[in-house]
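Peer 1: Coordinates only, no sequence provided:
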């Protein structure tokens, strides 16, 4: 492993890519501490410190966690990259609902048009969320040092621009750096919260709030869950496919045997992100406008994070989106059509039954994968309720953060290993191959 790390920095191209990625992530971290003009930083710090005394995971802490602390700072990057991810997922779903969009994406240059529509949608979503944030800021005493109307305009422009800058940084990392840029930005935001979580945990043990034995038990459980997540992320069902001899032009291609890899969790972390977004967005609006509207205040209290209704709806949405997104990314009808058109067959399955067989296999492997995904997403709440862990530590130990950290790490290491082998060096591991789990 030590020799592999040395080889990483010996290769000039790989060294430049890693350096560029590190520089972009440093810029992202600097942007998380630059506040919006017109914000009283001291008043915000006192307000969120008072909120932090509560052990429950609130909406503010949830948004702050994945923005790397940018939300509580009311910084230019306070929305993070989440509006862009949400818009991407919405566009992919719209391509299923509206065939004209899917046809547009398959045309020459269609991908660029879809990407442009995604950026426009990101701007609209960021503007809407930034306006809700300005309404929320009014509920914090002495948080705004200028008039509300000027602050609203400045905040909406600044925060939306910050989100689009992060989109640009993510694209630059993907093209000129190493790993998936958007995923690495979320990864950096989560990792940046780990030192504060460790300090909070140590203080809780020193003050007697937590038993050291309980902490060791929870961390042992955490390591077990990490191993299970890695195993689940790389687990797959291989469907064998045989192709007969065929003539293409003047060439004859011999019979081939291959397989279709169906992952246990083909949709990755997307169902969790989509379920979180679908719940947090109306909850954010209800929390901000609740003091002025009574029924919104009651709705916000009913759908509060860690509440029974929230957890039930959250779990059901994850399972629903896991099934739905699998049908989007792995369409059995399209796969079976391609197999038949290329003269392929699945051993023991009639040609007209391939589609039904693939659907049956997908449903069997996706259901346990969706249940496992929902269980991982609920770990922070379970750890906090059962062991009285601080919310910042509980969110590190599981949920979306764990899935993203493991997935991005596997994906980045896979790309580094590919560069090493391309330059005739050994990989990062002596045996086997690191499998990518691209988000």
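Peer 2: Happy to help now that I have it. The model shown is predicted, which means the values in this text are computed figures rather than measured ones.

Peer 1: low-confidence ranges in the stretch 301-439 of the chain?
Peer 2: Low-confidence segments of the stretch 301-439 of the chain, defined by pLDDT under 70, are located at 305-306, 397-399, 423-439.

Peer 1: Could you rerun that using 80?
Peer 2: Across the stretch 301-439 of the chain, residues meeting the criterion (pLDDT under 80) sit at 301-307, 324-331, 341-344, 351-352, 377, 379-404, 406-407, 410, 418-439.

Peer 1: all strands for this structure, in order.
Peer 2: Applying DSSP state E to the chain gives strands spanning 236-243, 246-248, 251-253, 256-263, 344-345.

Peer 1: okay, the angle between the first one and strand 256-263?
Peer 2: Okay, so that is strand 236-243. Here strand 236-243 points in a direction 150 degrees away from that of strand 256-263 (axes from the mean of the first three to the mean of the last three C-alpha atoms, to 10 degrees).

Peer 1: How far away from the center of its chain is strand 236-243?
Peer 2: 29 Å (C-alpha atoms, centre = their mean, to the nearest Å).

Peer 1: Over to the last one?
Peer 2: For strand 344-345, the distance between its averaged C-alpha position and the chain's averaged C-alpha position is 36 Å (C-alpha atoms, centre = their mean).

Peer 1: Show me what it packs onto, helices and strands only.
Peer 2: Contacting strand 344-345 under the criterion 3 or more C-beta pairs under 8 Å, 6 or more residues apart in numbering; DSSP states H and E are the following elements: strand 236-243. In this view, the C-beta of every residue, glycine as well, is placed from N, C-alpha and C.

Peer 1: Neighbouring strands - and their directions - for the strand it packs on?
Peer 2: Sheet neighbours of strand 236-243, with direction, are listed as strand 256-263 (antiparallel), strand 344-345 (antiparallel) (DSSP bridges).

Peer 1: what does the shortest one rub up against?
Peer 2: Contacts of strand 344-345 from elsewhere in the structure, counted by C-beta atoms under 8 Å, 6 or more residues apart in numbering, are 241, 242, 243, 244, 339, 351, 354.

Peer 1: Please convert those to CSV, extending it with distance to residue 98 and neighbour count.
Peer 2: CSV is the format used below for the contacts of strand 344-345 (distance: C-beta to C-beta, whole Å; neighbours: other C-beta atoms under 10 Å):
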residue, distance to residue 98, neighbour count
241, 31, 18
242, 37, 15
243, 34, 16
244, 37, 12
339, 27, 22
351, 31, 12
354, 27, 22
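
Peer 1: among the strands paired with strand 236-243, which is the most enclosed?
Peer 2: Burial among these, expressed as mean neighbours by mean count of other C-beta atoms under 10 Å, is greatest for strand 344-345, which shows a mean of 18.

Peer 1: re earlier: turn the strands of the chain into CSV, including distance to residue 175.
Peer 2: Output for the strands of the chain, formatted as CSV (distance: least, C-beta to C-beta, whole Å):
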stretch, distance to residue 175
strand 236-243, 29
strand 246-248, 34
strand 251-253, 35
strand 256-263, 26
strand 344-345, 35
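
Peer 1: Are there helices or strands packed against the biggest helix by length in the chain, and which ones?
Peer 2: Among the elements of the chain assigned as helix by DSSP state H, the one spanning the most residues is helix 354-387. The helices and strands touching helix 354-387, judged by 3+ C-beta pairs under 8 Å, 6+ apart, are helix 212-234, strand 236-243, strand 256-263, helix 270-289, helix 308-329, helix 332-341, helix 391-396, helix 400-422.

Peer 1: Need the winner for burial among those.
Peer 2: Each of those was scored by mean neighbour count; the highest is helix 391-396, a mean of 24, by mean count of other C-beta under 10 Å.

Peer 1: Which neighbouring elements make contact with that one?
Peer 2: Contacts of helix 391-396 with other secondary structure elements, assessed using 3+ C-beta pairs under 8 Å, 6+ apart, are made with helix 59-66, helix 194-206, helix 354-387.

Peer 1: okay if I get the ones you listed as CSV plus distance to residue 308?
Peer 2: What follows is these, written out as CSV (distance: least, C-beta to C-beta, whole Å):
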stretch, distance to residue 308
helix 59-66, 17
helix 194-206, 26
helix 354-387, 10
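
Peer 1: Deepest-packed of those helices, please.
Peer 2: helix 59-66 (a mean of 21).

Peer 1: quick one: average confidence on it?
Peer 2: What helix 59-66 shows for mean pLDDT is 68.

Peer 1: pLDDT score for the residue nearest to residue 113 when sequence neighbours are not counted?
Peer 2: Closest residue to residue 113 in three dimensions, ignoring its sequence neighbours and counting by C-beta to C-beta, 6 or more residues apart in numbering: residue 104, at 6.1 Å. Predicted confidence (pLDDT) for residue 104: 82.

Peer 1: Please report how far residue 104 lies from residue 95.
Peer 2: Here the distance between residue 104 and residue 95 works out to 9 Å (C-beta to C-beta, to the nearest Å).

Peer 1: Now for those two: what residues contact both?
Peer 2: By C-beta under 8 Å, 6+ apart, residue 104 and residue 95 have these common neighbours: residue 114.

Peer 1: Just send the strands paired with strand 236-243 back as JSON lines, with distance to residue 133 too.
Peer 2: Supplementary listing: those in JSON lines, determined by distance: least, C-beta to C-beta, whole Å:
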{"stretch": "strand 256-263", "distance to residue 133": "37"}
{"stretch": "strand 344-345", "distance to residue 133": "53"}
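
Peer 1: And those: which comes nearest residue 228?
Peer 2: strand 256-263 (14.9 Å; C-beta to C-beta).

Peer 1: I figured residue 38 hits residue 149, correct?
Peer 2: No. Counting by C-beta atoms under 8 Å, no contact exists between residue 38 and residue 149, whose distance comes to 10.9 Å.

Peer 1: Between these two, which is the more surrounded one?
Peer 2: residue 38 (21 against 9; other C-beta atoms under 10 Å).

Peer 1: Got phi/psi on that one?
Peer 2: For residue 38, the backbone dihedrals are phi 90, psi 10 (criterion: degrees, to the nearest 10).

Peer 1: Give me the pLDDT for it.
Peer 2: At residue 38, the pLDDT recorded in the model is 85.

Peer 1: ok, now which ones touch it?
Peer 2: With contacts defined as C-beta under 8 Å, 6+ apart, residue 38 is in contact with 144, 145, 146, 150, 151, 154, 155.
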